[in-house]
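In: Next one to model:
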Amino acid sequence: MVALLLFIGTVVLPDARPVDALAKTKGKSAVPRPEPDLKILSLNTAPIPYKPQEGAFHFVATVQLPKEVDEQLMLEVSALVTSSSMTSLRFLSIRQPVNEHAQTIPSANGETPQRHVQVDLTWDGLDHNKQQVPVGSYEYEVRVKLLSNGEKGQRTQMLSWPKRGKIQVKN
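Out: The predicted model follows:
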C-alpha cells in the first residue's frame, strides 16, 4: 500500500490534506514597509484636460525632505508619461541642489522643523521621438530621489514612493 501511494505521487493524510499542502510557501511579509522620509506631500497637475497647442503641462510636486539631509545631495524629480499601448512615452526629470528653494516649516509639537521643496516639472506634449502625442489617455508616474556624487557618478541615496495618475490629451 505504501509503495502504491509513493508511486502515485501524492500522499493523503487522515484529515484529507495532500502532503504538498504542508509545504511552506513564500508569502507576503506581515509587517508593511515604512514610508520613506523623502515624501511627495502633494502633486498638482494642470491644465486638465491638456491641449498641447496651448502650452506646457505642469507637474507641481511639494516634497518633504528628511529631517536630516546632507547639503551635498542632489534632489531629482522625475515623471514618466506613457500611452496605454506604451507606443508613446516621455521621461522628464529635473535635478537641483537639495537646499535650493527649500522652505522650513515649523513643527507644532517641538520636533525638528520639516523642510519642503516645491518643484515644477513641465511636459511639452512631445513623445520620445519629439513628435506631438496623439489625442488620448496617458498615465504618469512621478518619483523623487536624493542623489549623491560618487566615484562612478551619481547614486540614489533615498527614493520616495511614486504618485500616479492619468492625463487626458485633447485637440
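In: Ala102 contacts Gln114, doesn't it?
Out: No. With contacts counted by Cβ atoms under 8 Å, Ala102 stays clear of Gln114, the gap being 10.1 Å. All C-beta spots, glycine's among them, are computed from the backbone N, C-alpha and C.
In: Could you pull out the residues contacting both of these two?
Out: Common neighbours of Ala102 and Gln114, counting by Cβ atoms under 8 Å, 6 or more residues apart in numbering, are Leu65.
In: residue ranges of the helices in the protein, please?
Out: Secondary structure of the chain (DSSP state H): helices at 2-8.
In: quick check: longest strand of it.
Out: When the chain is scanned for its longest strand (criterion: DSSP state E), the result is strand 136-150.
In: buried sites along it?
Out: By neighbour count, with 16 or more other Cβ atoms under 10 Å as the criterion, the buried positions of strand 136-150 are Tyr138, Tyr140, Val142, Arg143, Val144, Lys145, Leu146, Leu147.
In: strand partners of that strand, parallel vs antiparallel please.
Out: Paired with strand 136-150 in the same sheet, following DSSP bridges, are strand 74-83 (antiparallel), strand 153-159 (antiparallel), strand 163-169 (antiparallel).
In: what sits against Leu147?
Out: The neighbours of Leu147, taking Cβ under 8 Å, 6+ apart as the test, are Leu73, Met74, Leu75, Glu76, Arg95, Gln154, Arg155, Thr156, Gln157.
In: pLDDT below threshold where in this structure?
Out: By pLDDT under 70, the low-scoring segments of the chain are 1-29, 101, 106-112.
In: what about 80?
Out: Filtered on pLDDT under 80, the chain yields the residue ranges 1-31, 100-113.
In: can you pull out the strands in it?
Out: Using DSSP E, the strands of the chain run over 39-46, 57-64, 74-83, 89-97, 103-105, 114-123, 136-150, 153-159, 163-169.
In: Would you tell me which of those strands gets closest to Lys130?
Out: Minimum separation from Lys130 across the strands of the chain (Cβ to Cβ) falls at strand 89-97, 9.4 Å.
In: Could you check the closest one and say which residues are buried?
Out: Leu89, Arg90, Leu92.
In: Gly125 versus the first one, what's the distance?
Out: The span separating Leu89 from Gly125 equals 13 Å under the rule Cβ to Cβ, to the nearest Å.
In: Ok, Leu75 next?
Out: Counting by Cβ to Cβ, the gap between Leu75 and Gly125 amounts to 25 Å.
In: likewise Leu73?
Out: In this structure, Leu73 and Gly125 are 32 Å apart, going by Cβ to Cβ.
In: which residues does Met158 contact?
Out: Residues in contact with Met158, defined by Cβ under 8 Å, 6+ apart, are Pro36, Asp37, Leu38, Pro66, Lys145, Leu146.
In: Many thanks, I have nothing further to ask.
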